[in-house]
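1. Need a 3D model of the following:
(one chain, ligands or ions: 1)
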Amino acid sequence: MTAYNPCAPYVIESGKKKGKSIEQLMFTDYGWLVFMKNLLNEKSAGAKNKLHKHIEWVLAQGSSRIPKMICPQCNKKTVSFFSYLGSERFGYSMSAAYTCCDDKECVSRLSAQGIEKVPTFLPITFSSITHFNNKQDQKRVAEILKHCFGLPKRLTKEVLFTFFSE
Ligand SMILES: [Zn+2]
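-> Numbering: from 1, shown residues only. Now for the predicted structure:
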């Protein structure tokens, strides 16, 4: 396997996602990128094109990003999980305020904030986006990721390329 080290973001040049970079799609169309990766894997007979390589690279880099936000429960370690409450039918509630590190005590403290309901926990990773089917819920997860990774409000192609390159 040869290493792929891009020096610029990959910008989609046609279709519905025209003008967006692959890096930006990690936050808005994560499921599509995974779908594309699988599709390209099936289609390519050995040789991978640039799009294929770039999608693989961004997905791999994405899975190794480490949150910067400090756990709101203990104020010591960085966050690892977010919790959510709700249902598919009535929607889910979640935010960067309901996050914690991997300490058992912090997990149970956050769990207790659900009052009479027990929240579910998910890791602060891109793959948690596709845990939800609804676009609004997926957007909420992307907002949590953005916050926890310490990214600015506006996710420009340059900002995200640097983020995924590090
Ligand atoms: Zn903690």
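
2. neighbours of M69, just the number please.
-> M69: 16 surrounding residues under other Cβ atoms under 10 Å. In this view, the C-beta of every residue, glycine as well, is placed from N, C-alpha and C.

3. from memory it sits against L145, does it?
-> No. Contact criterion Cβ atoms under 8 Å: M69 and L145 do not qualify, at 10.2 Å.

4. For those two, list the residues in contact with both.
-> Contact criterion Cβ atoms under 8 Å, 6 or more residues apart in numbering; residues shared by M69 and L145: none found.

5. which residues does the residue nearest the centre of the chain contact?
-> For the chain, the residue sitting closest to the mean C-alpha position, by Cα atoms, centre = their mean, is F126 at 2.5 Å. F126 sits next to M26, Y30, L59, G62, S63, R65, L145 when contact means Cβ under 8 Å, 6+ apart.

6. From the ion, how far off is the first one?
-> Relative to the ion, M26 is positioned 26 Å away (Cβ to the ion, to the nearest Å).

7. helix, strand or coil for that residue?
-> helix (DSSP: H, G, I helix; E, B strand; the rest coil).

8. Just give the nearest non-adjacent residue to it, would you?
-> In space, and not counting its chain neighbours, M26 is closest to G62: 5.5 Å by Cβ to Cβ, 6 or more residues apart in numbering.

9. so the one you found sits in a helix?
-> Yes. According to three-state DSSP, G62 belongs to a helix.

10. now L155: how far from the ion?
-> Going from L155 to the ion by Cβ to the ion gives 27 Å.

11. Tell me which helix or strand that residue sits in.
-> If you go by DSSP states H and E, L155 is not part of any helix or strand.

12. what's near enough to touch it?
-> Q24, F27, K146.

13. one more time with 10 Å
-> S21, E23, Q24, M26, F27, T28, A142, K146, F163 (Cβ atoms under 10 Å, 6 or more residues apart in numbering).
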